[in-house]
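[1] sequence and computational prediction follow.
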Amino acid sequence: MKTFYKNEILAGLQEELGLKNPMEVPKLEKIVINMGVGEATQNAKAMDGAIADLTIIGGQKPIIRKAKKSIAGFKLRENMPVGVKVTLRGDRMYEMFDRLLSTALPRIRDFRGLSPKSFDGRGNYSFGVTEQLIFAEIDYDQIDKIRGMDITIVTTATTDAEGRALLKRFGFPFREK
């Protein structure tokens with residue numbers, strides 16, 4: 001994917017966006033995968049399954065996210081673990097992006113493409129996945145519970161149009177209107 005970006009996408013995107021300097025061309029910066037584990041407030045063991053799943057998916061050990069504030073309605077105290085996240089950069093990021101496009105997204109049930117409106121205004125794209133089973137690395141017999149996750153693709157693009165153009169060049173499956 002990295003060589004594909006350098007050889008195929010870079011020059012075409014520079015021409016399409018009308019940029020003079022090749023360093024101005026948007027590129028992938030990082031991929032952040034976040035998995036909220038709300039049931040960890042009552043059951044401390046619930047976090048172990050999420051950590052195992054995210055380790056297999058991301059290829060590195062995830063960081064445990066803790067609550068910043070206490071919320072009595074959710075029976076949540078400050079510094080209780082509420083989720084896990086992994087940040088992928090460099091070669092792992094490109095490898096994950098390739099797996100996402102080639103195997104994971106096509107395995108989603110009733111998949112018709114991702115919404116083109118999920119950009120954040122700064123060229124970054126976020127979407128949610130309802131189950132971790134779309135990744136081929138996850139063994140169906142080994143999981144304890146079906147969990148969803150949020151995936152954010154952070155780019156160096158400054159606008160949504162630049163980010164959309166970059167992801168389209170990579171072959172990102174956006175839904176047609």
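    The structure has been received and is ready for your questions.

[2] ok, longest helix in the protein?
    In the chain, with assignment by DSSP state H, the single longest helix is helix 46-58.

[3] for the residue nearest the centre of the chain, give me phi and psi.
    For the chain, the residue sitting closest to the mean C-alpha position, by Cα atoms, centre = their mean, is I151 at 2.3 Å. Main-chain torsions, I151, degrees, to the nearest 10: phi -120, psi 130.

[4] can you tell me how far it is from T158?
    21 Å (Cβ to Cβ, to the nearest Å). Where you see a C-beta, it was placed from the backbone N, CA and C, and this is true even at glycine.

[5] tell me where the chain has strands.
    28-36, 63-66, 81-88, 125-129, 149-155 (DSSP state E).

[6] what is the second one packed up against?
    What it means is strand 63-66. strand 81-88 (3 or more Cβ pairs under 8 Å, 6 or more residues apart in numbering; DSSP states H and E).

[7] run through who's touching the strand it packs on.
    Identification of contacts with strand 81-88 by Cβ atoms under 8 Å, 6 or more residues apart in numbering yields 30-38, 40-41, 47, 50-51, 54-55, 57-67, 76, 96.

[8] what does stretch 112-131 give?
    26, 104-105, 108, 146-160, 162-164, 166-167, 172-177.

[9] repeat that for stretch 133-151.
    Around stretch 133-151, the neighbours that count as contacts under Cβ under 8 Å, 6+ apart are 31-37, 46, 49-50, 52-54, 56-57, 99-100, 103-105, 107-108, 126-132.

[10] if you set the cut-off to 7 Å instead, what comes out?
    31, 33-35, 49-50, 53, 56-57, 103-104, 107-108, 126-132 (Cβ atoms under 7 Å, 6 or more residues apart in numbering).

[11] what mean pLDDT does that stretch have?
    Averaging pLDDT along stretch 133-151 gives 88.

[12] so how far does that stretch reach from one end to the other?
    15 Å (Cα to Cα, to the nearest Å).

[13] same deal with stretch 140-147?
    12 Å.
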